[in-house]
Each structure stands twice: as C-alpha cells, then as structure tokens.
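Asks: Can you look at this prediction? I've put the sequence above it.
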Amino acid sequence: MIVVRSPKKAHKICVNKKKKGKTIGFVPTMGALHKGHISLIKKCKDLCDFLVVSIFVNPTQFGPKEDFKAYPRDFKKDKKICEEQGVDLIFYPRVKDMYPEGFETYVEVEKLPQHLCGLFRPGHFRGVATVVLKLFNIIQPDVAVFGKKDYQQLRVIEKMVRDLNVPVKIVGGQTVREKDGLAMSSRNWYLNEDERKRATLLRKALLYGKKLLLQGRKPQVVKTEMRKILKKANGKIDYISICDRFTLDEIKEFKKDCLIAVAVKIGRARLIDNIEVEK
Ligand code: PAF
C-alpha cells in the first residue's frame with residue numbers, strides 16, 4: 001500500500017494504472033474510519049483492480065461554527081485499517097494542496113441542497129461537491145462508493161456527476177449499525193455514555209415511522225408520532241422528513257416508495273440517519 005500526499009503524484013499513479021487497463025475504485029473519506037467505511041471499502045474492492053481511499057477532512061464543507069477542528073483524526077489507525085482491507089493507495093493530501101492560495105472555484109448543485117441537512121448547514125454541499133469533483137479529477141476513478149447514511153450527499157454526488165458528465169459510476173453502500181441500531185458514524189465518538197443511549201432513539205423512530213407508513217398512515221401523522229419518540233432523546237431535532245428518494249421533496253401521500261430521514265443534535269454530536277420505505 002502506498003500513501004501519497006501530493007495530488008500530482010496521486011494523479012500520475014492512477015493515470016498509469018488506467019493506461020495499463022486497470023479499473024480504479026475510490027472511497028472518499030474524512031478518516032476516523034469505522035466499520036461503516038470498512039464495508040464501503042470492501043464493496044469497492046470487489047468492483048475494481050486498484051483501490052484508492054482518500055483521507056481528507058475537508059474544511060470547505062464545515063460551517064464556521066461547526067466541528068472542523070474537533071473532527072476526530074487518527075491517521076495511524078486509519079492506515080492500519082486500510083492495509084488490512086487491501087487498499088492499494090491512500091491519498092492523504094494537505095489542506096494547502098487541495099486549496100492553494102487564491103482558490104475560488106466551487107461546484108454548486110442548485111436544488112438538492114435546499115432540503116434536509118442543506119437547510120441547517122448552509123454551504124455544506126457546495127463544499128462536498130467541490131472536494132469530491134477535485135478528488136475525482138485527481139484519482140480518475142471508474143467507480144466510487146458513498147454510504148447511504150449520508151443519503152443526501154449520495155444524491156448530490158449522483159446529480160453532479162450526471163450534470164457535469166463526470167465519467168464515474170457512483171455506487172451506494174448500505175449503512176452499518178451497532179448492535180442496538182445506531183448508525184456507525186465518526187461523530188458517535190463525541191457521545192458520552194448517556195448520550196450514546198439516547199442516540200438509539202433515531203433508529204427506533206425511523207423503524208416506527210416505516211411501520212406506520214406501511215400501515216397506511218399519512219406522512220404528516222407519521223412525522224408527529226416520530227417526533228414524540230425523538231423528543232425523548234433530549235436533543236435538538238433539526239428535521240424529520242418523509243420525502244421522495246430522488247428529489248428529496250416532502251411527500252403528502254405515500255404511494256410506492258420514499259425516504260424517511262432525521263437529524264438530531266445530541267450533546268456535541270449532530271446525528272443523521274434514514275430508512276428507505278417500499279410498499
Ligand atoms: O462523507 C464524507 O466523509 C465526506 O463528506 C466526503 C465525501 C469524503 C467529502 O469530504
């Protein structure tokens with residue numbers, strides 16, 4: 001496994017692999033790797049000949065009051081995990097390499113970010129789309145895997161790739177959960193013991209919401225019932241959404257499928273989770 005910090009060098013290595021007929025698989029991450037990332041890495045490994053993981057805590061996707069500085073970083077541990085998973089190259093750039101002085105070009109997907117997390121994290125998806133396009137340009141992947149826990153992110157990336165004709169296949173990876181249902185996330189690291197227990201209410205609310213929708217209850221009623229559960233988490237509920245899986249527009253009637261998504265701040269951790277519902 002090689003670790004490369006320079007974008008130019010990483011690009012050169014990947015282009016050479018492609019010239020030799022190898023397909024490049026890519027899993028972009030911000031490090032602090034956990035079982036959720038490992039499942040994305042495993043999925044990607046099956047789809048390519050040369051597997052690249054990037055580790056970069058991207059400053060442009062954090063708001064001024066968000067946790068960019070506090071975001072967990074442990075390169076040694078991440079490197080070990082990547083080695084164990086048979087990753088071929090870790091791309092580990094410095095902020096100054098990704099955003100050199102004078103940087104002023106951003107990617108903006110217009111409508112999708114005006115939903116769910118985008119309403120609470122202005123500029124977040126602009127930062128995500130920008131860094132992901134930069135990473136794609138550097139790594140030149142044939143396939144890239146993104147987790148479905150960050151469902152809106154997956155949809156934003158799919159849209160960007162389609163709209164800007166980026167030649168990469170985007171694949172969604174299933175959310176990995178703790179035994180009690182909590183979705184794996186680097187931000188779970190912020191939770192103390194009591195907060196960690198309360199965090200399980202996200203999954204509980206989602207499962208209950210799904211059950212009610214399938215019983216024929218109206219989305220509005222379902223949201224009210226879910227709110228009752230989430231209130232017990234004693235946090236700040238950012239949103240409870242029942243929406244179209246692609247446009248992320250709220251739905252008034254449940255017809256054949258939809259997404260239920262929630263975001264709740266518990267202590268220092270802003271937690272998100274979702275569930276797809278199909279009749
Ligand atoms: O999901 C993440 O970890 C990040 O948003 C990503 C895709 C690596 C971009 O910084």
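Replies: Looks like it arrived, so ask away.
Asks: roughly how far out does stretch 246-261 sit from the chain middle?
Replies: Centroid displacement of stretch 246-261 relative to its chain, using C-alpha atoms, centre = their mean, to the nearest Å, is 20 Å.
Asks: Buried residues in that stretch, which are they?
Replies: Residues of stretch 246-261 classed as buried: 248, 250, 251, 254, 258, 259, 260, 261 (neighbour count, 16 or more other C-beta atoms under 10 Å). From N, CA and C alone the C-beta is placed, and that goes for glycine too.
Asks: and the residues you listed, which two are the farthest apart?
Replies: Using C-beta to C-beta, the pair of the buried residues of stretch 246-261 lying farthest apart is 248 and 254, separated by 15.2 Å.
Asks: Out of the buried residues of stretch 246-261, which is nearest to the ligand?
Replies: residue 261 (15.4 Å; C-beta to the nearest ligand atom).
Asks: That closest one touches residue 273, doesn't it?
Replies: Yes: the pair residue 261 and residue 273 qualifies as a contact (C-beta atoms under 8 Å) at a distance of 7.4 Å.
Asks: Tell me which helix or strand residue 172 sits in.
Replies: strand 169-173 (DSSP states H and E).
Asks: Next, the buried residues of the helix or strand following that strand.
Replies: Toward the C-terminal end, the helix or strand that comes next after strand 169-173 (DSSP H and E) is helix 193-198. Along helix 193-198, these residues count as buried under the neighbour rule (16+ other C-beta under 10 Å): 195, 196, 198.
Asks: likewise stretch 136-145?
Replies: Here stretch 136-145 shows 136, 138, 139, 140, 141, 142, 143, 144, 145 as buried, counting by 16+ other C-beta under 10 Å.
Asks: Then stretch 107-121?
Replies: Here stretch 107-121 shows 107, 109, 112, 113, 115, 116, 117, 118, 121 as buried, counting by 16+ other C-beta under 10 Å.
Asks: Quick one: the buried residues of helix 193-198 as CSV, columns for distance to the ligand too.
Replies: Shown next, in CSV, are the buried residues of helix 193-198 (distance: C-beta to the nearest ligand atom, whole Å):
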residue, distance to the ligand
195, 22
196, 21
198, 24
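Asks: which of the residues you listed lies closest to residue 269?
Replies: Nearest to residue 269, judged by C-beta to C-beta, of these is residue 195 at 6.9 Å.
Asks: For the residue nearest to that closest one when sequence neighbours are not counted, the count of nearby residues, please.
Replies: Nearest residue to residue 195, sequence neighbours excluded (C-beta to C-beta, 6 or more residues apart in numbering): residue 267, at 4.3 Å. For residue 267, the neighbour count with other C-beta atoms under 10 Å is 16.
Asks: Find me the pLDDT at residue 267, would you?
Replies: Looking at residue 267, its pLDDT reads 97.
Asks: Hmm, it is touching residue 189, no?
Replies: No: taking contacts as C-beta under 8 Å, residue 267 lies outside contact range of residue 189: 11.3 Å.
Asks: what comes into contact with stretch 240-259?
Replies: Residues outside stretch 240-259 that contact it (C-beta atoms under 8 Å, 6 or more residues apart in numbering): 111-112, 115-116, 151-152, 155, 205, 209, 213, 218-220, 222-223, 226-227, 230, 260-262, 274-279.
Asks: Now list the buried members of those.
Replies: Buried by 16+ other C-beta under 10 Å: 112, 115-116, 151-152, 155, 205, 209, 213, 219, 222-223, 226, 230, 260-262, 274-275, 277, out of those.
Asks: and the residues you listed, which of them are in helices?
Replies: 116, 151, 152, 155, 205, 209, 213, 219, 222, 223, 226, 230 (DSSP state H).
Asks: For burial, what's the neighbour tally of residue 71?
Replies: Neighbour count of residue 71, defined by other C-beta under 10 Å: 18.
Asks: residues contacting the residue nearest to it when sequence neighbours are not counted?
Replies: Leaving out its chain neighbours, the residue that sits closest to residue 71 by C-beta to C-beta, 6+ apart is residue 57, at 5.1 Å. By C-beta under 8 Å, 6+ apart, the contact set of residue 57 is 30, 31, 68, 71, 73.
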